[in-house]
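S.K.: no FASTA, just this:
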């Protein structure tokens, strides 16, 4: 993360320009003179717009991306510990899951370089946790919000359905 702290992905720059125009009252567009949809991660850009009073969008994107990835890493460890068991041997097996999440170059790079990767990872972890605890409506809402952050997240709905079928009480499966 430190080595790539000064990097910005070109898609992130495009997003920052959209956020600047939105904050200036010109709408979520790259060039106020042209009304063209230029982004696919509108949810991420709206998060940056809300956070922009704290700091400029590039700074907030790096902070929010890294914090979101940290949250996803902690949740991945929690899921792995739940899977392997909470005994010391299970926690020892869960540790590499967290380490691989925290040190995966592309995950860290894109989170620090202004993209929505960290937020999306945290949202997907939250989705899995909600389904695993029987909160299916909330999981559907989080899945919909994830779609706003990254449209191809529509592909997670088969995962949501499969997890819901696995964790739903047998009497509730017919309603899925």
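M.R.: Nice, I can see it. Quick caveat: nothing in here was measured; it's all calculated off a predicted structure.

S.K.: what about the longest helix along the chain, distance to the chain center?
M.R.: When the chain is parsed with DSSP state H, its longest helix is helix 57-84. Offset of helix 57-84 from its chain centre (Cα atoms, centre = their mean, to the nearest Å): 9 Å.

S.K.: tell me how far the spatially most central residue of the chain lies from residue 3.
M.R.: Using Cα atoms, centre = their mean, the residue of the chain that lies closest to the mean C-alpha position is residue 120, 1.4 Å off. Look at residue 120 and residue 3: by Cβ to Cβ, to the nearest Å, they are 22 Å apart. To be clear about C-beta, it is placed using only N, CA and C from the backbone, and glycine gets the same treatment.

S.K.: quick one: buried residues of whichever helix or strand residue 16 is part of?
M.R.: Following DSSP states H and E, one finds residue 16 within helix 10-23. The neighbour-count check on helix 10-23 (16 or more other Cβ atoms under 10 Å) flags 11-12, 14-22 as buried.

S.K.: next one: stretch 99-118
M.R.: For stretch 99-118, burial by neighbour count (16+ other Cβ under 10 Å) applies to 101-102, 104, 107-118.

S.K.: from those, which single one is nearest residue 47?
M.R.: Nearest to residue 47 among the buried residues of stretch 99-118, counting by Cβ to Cβ, is residue 116 at 8.3 Å.

S.K.: so what's the closest residue to the closest one other than its chain neighbours up against?
M.R.: Distance criterion Cβ to Cβ, 6 or more residues apart in numbering; nearest residue to residue 116, sequence neighbours excluded, is residue 44 at 3.6 Å. Residues near residue 44 by Cβ atoms under 8 Å, 6 or more residues apart in numbering: 15, 115-116, 119, 149-150.

S.K.: again, only using 7 Å
M.R.: Going by Cβ atoms under 7 Å, 6 or more residues apart in numbering, residue 44 touches 15, 116, 119, 149.

S.K.: mind putting the residues you listed in TSV, pLDDT, secondary structure and distance to residue 39 included?
M.R.: Below are those laid out as TSV (pLDDT from 0 to 100; DSSP: H, G, I helix; E, B strand; the rest coil; distance: Cβ to Cβ, whole Å):
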residue	pLDDT	secondary structure	distance to residue 39
15	91	helix	6
116	92	coil	10
119	94	helix	14
149	90	helix	11
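
S.K.: re the thing from before, element containing the residue nearest to residue 116, please.
M.R.: For residue 44, the host element (DSSP H and E) is helix 42-51.

S.K.: residues near residue 67, how many?
M.R.: Look at residue 67: counted by other Cβ atoms under 10 Å, it has 14 neighbours.

S.K.: what about it, distance to residue 58?
M.R.: Distance, residue 67 to residue 58, using Cβ to Cβ: 15 Å.
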